[in-house]
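Trainee: Fold the following for me, if possible:
(chains A and B)
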There are 2 protein chains.
Amino acid sequence: MWGDVPVAATILSGTDLSAEIRAEVAAGVVEIREKHGVTPGLAVILVGDDPASAVYVNNKQRACEQAGLYSDSARLPGSATEKEILAAVHAFNEDPRVHGILVQLPLPDGVEQHRIIEAIDPDKDVDGIHPYNLGKLLQGRPDFAPCTPAGIVELLMRNGHDPTGANAVICGRSDIVGKPLAALLMQRGRGGNATVTVCHTRTRNLAEVTRAADILVAAIGRPEAITADMVKDGAVVIDVGINRVDDPSARRGYRLKGDVEFESVSQKASAITPVPGGVGPMTIAMLLVNTLTAARISIHGRHHSG
Amino acid sequence: MWGDVPVAATILSGTDLSAEIRAEVAAGVVEIREKHGVTPGLAVILVGDDPASAVYVNNKQRACEQAGLYSDSARLPGSATEKEILAAVHAFNEDPRVHGILVQLPLPDGVEQHRIIEAIDPDKDVDGIHPYNLGKLLQGRPDFAPCTPAGIVELLMRNGHDPTGANAVICGRSDIVGKPLAALLMQRGRGGNATVTVCHTRTRNLAEVTRAADILVAAIGRPEAITADMVKDGAVVIDVGINRVDDPSARRGYRLKGDVEFESVSQKASAITPVPGGVGPMTIAMLLVNTLTAARISIHGRHHSG
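Mentor: From the prediction side, this is the model:
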């Protein structure tokens, strides 16, 4: 039914924009290699055999290689102890070929995730999730913004949706999306200056809050939680959700759904990200950007001002 | 005129509550001394001869001594170099009598403030402004929340204004008040769970946003910027501003004014903090609480979970 109605909103393609950014990274890699004889490198640590995590890690490594980055990984069994995971982190901290380290989350139950993350050299924390980097982000002087929030800001800015002065409403308060995105959007400077509201499970009258949004970001983790009645006419809608919904008619037995009811919301929004092909590819692109930044930091040091 | 109208709102006295909290700290100090033979200690670093800063530092030291804490200070001339200030920080980092270090801000022009703050041992950062501690705050697992935001949360909680489910609107996005307070109020857990909005100079229709606030926090730095028409009936209003306004009739030639037009707003609000005697005393009380926490961390270590 909905499929027959023409889509009103501009589609914000993360697939297209991420290709553009990855090409910029590839050019930056060549420049650093020529100027400094350094090939930026990313190492990924994967613990356990969750199939989805393995797919993510493979995608990240392939993206690295396509952009000309050095790529390494450590794959540990699900039975790995905290000590063994820490040893893998320390090895990459010391490895001069590796400028960025990513620990694929979630880690198996029983592993103290914060302890692992805090063991990463903050100068190699290309996921931007070490408390030191999150703190610099809150201060408005990030070196590494977490990849998904950074990707959302690029999607907005490069499509002409400067958040300055806009009411930005973020649904979800996770450590890797909602909270760091709020920190980015409220800062002075490029990609910031929005009036930012963060909603979550304890928010009363959620629809009332979301209807005031010029920019609405859904990072809830529930398929199609945002419906058309919750969206203002002309809003820009960013869908961070990737939910598997059973569908016996699909080849794999499921379909991917975002947190936004795309068919109806795209009739009201002025712009909207699809799922898949929206925020997802941007996350990987920003990981490569952060790895390039890490390589530059290893050469020139951090900015301490700002 | 307004002075003749009876005040409707409950006054949230920071003077009273801070006395209560300081008594709790004093009891904690006795306990730590008896159990562990340790007297919690705070060191303050003051650079230059700004009279207001000198008053703040003296107040902090007196509050320490009244609560039974060890107190030390380093007072450097305004001409001190970055290297000299760093040396003072390092000396207190190494001093086992000192569990908390506070650098009185602002530092003189030309000193790279971030470099000084990042030199503080994060385990002694009782102001909660080291990026590592701000990052843990954003993750919802702070050891040291910045003192003014922490004081605001205590003022709310201990007066029966649990933020859970409330619309909390914060006017101001500074590193020491607006942004860390947003981080506190949006977390899961005690003192959090509010739907948080951060406003600032680039916010459009400020009055419309503030009128939706159940809890309204003014941290703007402009006298009486929040007027009654900007406040919802029954709102809880927290005034962080301390502005000197010229008044020839006053003994000192000025009066202290908050960021809120008290006389009119107190007719609409259900509760409001006075200026002075509201948030200000809470800031010092929370500094003592954080120093006690730092002493406990020096004995037991940090929590790494949460």
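
Trainee: got a list of what the residue lying closest to residue A:203 once chain neighbours are set aside touches?
Mentor: Using Cβ to Cβ, 6 or more residues apart in numbering or on different chains and skipping residues adjacent in sequence, the residue nearest residue A:203 is residue B:195, 4.4 Å away. Heads up, the C-betas are built off the backbone N, CA and C, glycines and all. By Cβ atoms under 8 Å, 6 or more residues apart in numbering or on different chains, residue B:195 lies in contact with A:197-200, A:202-204, A:209, B:165-168, B:186.

Trainee: would you turn the residues you listed into a markdown table with neighbour count?
Mentor: Listed next are the contacts of residue B:195 as a markdown table, based on neighbours: other Cβ atoms under 10 Å in any protein chain shown:
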| residue | neighbour count |
| --- | --- |
| A:197 | 30 |
| A:198 | 29 |
| A:199 | 26 |
| A:200 | 22 |
| A:202 | 17 |
| A:203 | 23 |
| A:204 | 13 |
| A:209 | 22 |
| B:165 | 13 |
| B:166 | 22 |
| B:167 | 23 |
| B:168 | 28 |
| B:186 | 28 |
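
Trainee: Pick out whichever of the residues you listed sits closest to residue B:219.
Mentor: Residue B:219 has its nearest neighbour among these in residue B:168, at 12.3 Å by Cβ to Cβ.

Trainee: and that closest one, that's in a strand?
Mentor: Yes - when DSSP: H, G, I helix; E, B strand; the rest coil is applied, residue B:168 is found to be in a strand.

Trainee: mind checking how far it is from residue B:153?
Mentor: Here residue B:168 is placed at a distance of 10 Å from residue B:153 (Cβ to Cβ, to the nearest Å).

Trainee: just residue A:214 next, same as before
Mentor: Distance, residue A:214 to residue B:153, using Cβ to Cβ: 30 Å.

Trainee: So what's the residue count around residue A:245?
Mentor: Residue A:245 is flanked by 11 other residues according to other Cβ atoms under 10 Å in any protein chain shown.

Trainee: and it, what are its phi and psi?
Mentor: Note on residue A:245: backbone dihedrals following degrees, to the nearest 10 are phi -120, psi 130.

Trainee: ok, it touching residue A:253?
Mentor: No - with contact defined as Cβ atoms under 8 Å, residue A:245 does not reach residue A:253; the gap is 10.3 Å.

Trainee: what do those two both touch?
Mentor: Between them, residue A:245 and residue A:253 share no contacting residue, judged by Cβ under 8 Å, 6+ apart.

Trainee: Close to chain B: what parts of the stretch 51-200 of chain A are there?
Mentor: Contact residues (Cβ under 8 Å from any Cβ of the partner chain) of the stretch 51-200 of chain A with chain B: A:112, A:114-115, A:118, A:130-141, A:164-165, A:167, A:173, A:175, A:179-180, A:182-183, A:186-188, A:193-200.

Trainee: Could you pull out the residues contacting both of residue B:168 and residue B:153?
Mentor: Contact criterion Cβ under 8 Å, 6+ apart; residues shared by residue B:168 and residue B:153: residue B:185.

Trainee: what residues are up against residue A:279?
Mentor: Contacts for residue A:279 were tallied using Cβ under 8 Å, 6+ apart; they are A:14, A:148, A:151, A:152, A:155, A:238, A:239, A:240, A:273.

Trainee: redo that, cut-off 10 Å
Mentor: A:12, A:14, A:18, A:147-149, A:151-152, A:155, A:177, A:217-219, A:238-242, A:258, A:273 (Cβ atoms under 10 Å, 6 or more residues apart in numbering or on different chains).

Trainee: Show me what the residue nearest to residue A:203 is bridged to.
Mentor: Note on residue B:195: beta-bridge partners by DSSP bridges are residue B:167.

Trainee: ok, the closest residue to residue A:147 other than its chain neighbours - contacts?
Mentor: Computed as Cβ to Cβ, 6+ apart, the closest residue to residue A:147 that is not its neighbour in sequence is residue A:286, at 4.1 Å. By Cβ under 10 Å, 6+ apart, the contact set of residue A:286 is A:18, A:21, A:25, A:126-128, A:144-154.

Trainee: Repeat that for residue A:73.
Mentor: Shown in contact with residue A:73 (Cβ under 10 Å, 6+ apart): A:42-46, A:57-58, A:60-61, A:64, A:88, A:92, A:102, A:104.

Trainee: Pull out the buried residues from these.
Mentor: Buried members of these, scored by 16 or more other Cβ atoms under 10 Å in any protein chain shown, are A:42-46, A:57, A:60-61, A:64, A:88, A:92, A:102, A:104.

Trainee: Restricted to helices, list the contacts of residue A:73.
Mentor: Of the positions in the contacts of residue A:73, A:57, A:58, A:60, A:61, A:64, A:88, A:92 sit in helices, assigned by DSSP state H.

Trainee: residues contacting the second one?
Mentor: Which is residue A:58. With Cβ under 10 Å, 6+ apart, residue A:58 has these contacts: A:44, A:46, A:73.

Trainee: Hmm, the second one is touching residue A:52, no?
Mentor: By that I understand residue A:46. No - contact status for residue A:46 versus residue A:52: not in contact, 11.2 Å apart, counting by Cβ atoms under 10 Å.

Trainee: what is in contact with those two at once?
Mentor: Contacts common to residue A:46 and residue A:52, judged by Cβ under 10 Å, 6+ apart, are residue A:104.

Trainee: Look up the closest residue to residue A:78, ignoring the ones flanking it.
Mentor: Excluding the flanking residues, the one nearest residue A:78 by Cβ to Cβ, 6+ apart is residue A:48, at 3.5 Å.

Trainee: in terms of contact, does that neighbour touch residue A:110 like I think?
Mentor: No - using Cβ under 10 Å, residue A:48 is not in contact with residue A:110, being 11.2 Å away.

Trainee: more neighbours, the two?
Mentor: Shown here are residue A:48 and residue A:110; by other Cβ under 10 Å, residue A:48 has more neighbours (18 against 7).

Trainee: quick check: domain ranges of chain A?
Mentor: Using automatic domain parsing, the domains assigned to chain A come out as A:37-121, A:145-280.

Trainee: on that earlier part again, return the member of the ones in helices among the contacts of residue A:73 nearest to residue A:32.
Mentor: The closest of the ones in helices among the contacts of residue A:73 to residue A:32 turns out to be residue A:64 (Cβ to Cβ; 14.2 Å).

Trainee: That closest one against residue A:71, yeah?
Mentor: Yes - using Cβ under 10 Å, residue A:64 and residue A:71 qualify as a contacting pair, with a distance of 4.1 Å.

Trainee: Give me the common contacts of those two.
Mentor: Common contacts of residue A:64 and residue A:71, defined by Cβ under 10 Å, 6+ apart, comprise A:41, A:42, A:43, A:44, A:291.

Trainee: Now the phi/psi pair for the nearest residue to residue A:170 once chain neighbours are set aside, please.
Mentor: Once flanking residues are discounted, residue A:170 sits nearest to residue A:217: 4.6 Å by Cβ to Cβ, 6+ apart. Note on residue A:217: its backbone torsions stand at phi -120, psi 120 [degrees, to the nearest 10].

Trainee: How about the one 10 residues further on?
Mentor: For residue A:227, the backbone dihedrals (degrees, to the nearest 10) come out as phi -110, psi 170.

Trainee: how many other residues sit next to the closest residue to it other than its chain neighbours?
Mentor: Distances taken as Cβ to Cβ, 6+ apart place residue A:261 nearest to residue A:227, at 4.9 Å, with adjacent residues excluded. Residue A:261 has 21 neighbouring residues, counting by other Cβ under 10 Å.

Trainee: quick one: the closest residue to residue A:186 other than its chain neighbours and residue B:208, what's the gap?
Mentor: Spatial nearest neighbour of residue A:186, chain neighbours left out: residue A:196 (4.4 Å); criterion: Cβ to Cβ, 6+ apart. According to Cβ to Cβ, residue A:196 and residue B:208 sit 15 Å apart.

Trainee: one step back: tell me which of the buried ones among the contacts of residue A:73 is nearest to chain B?
Mentor: Using Cβ to the nearest Cβ, residue A:102 comes nearest to chain B of these, at 17.4 Å.
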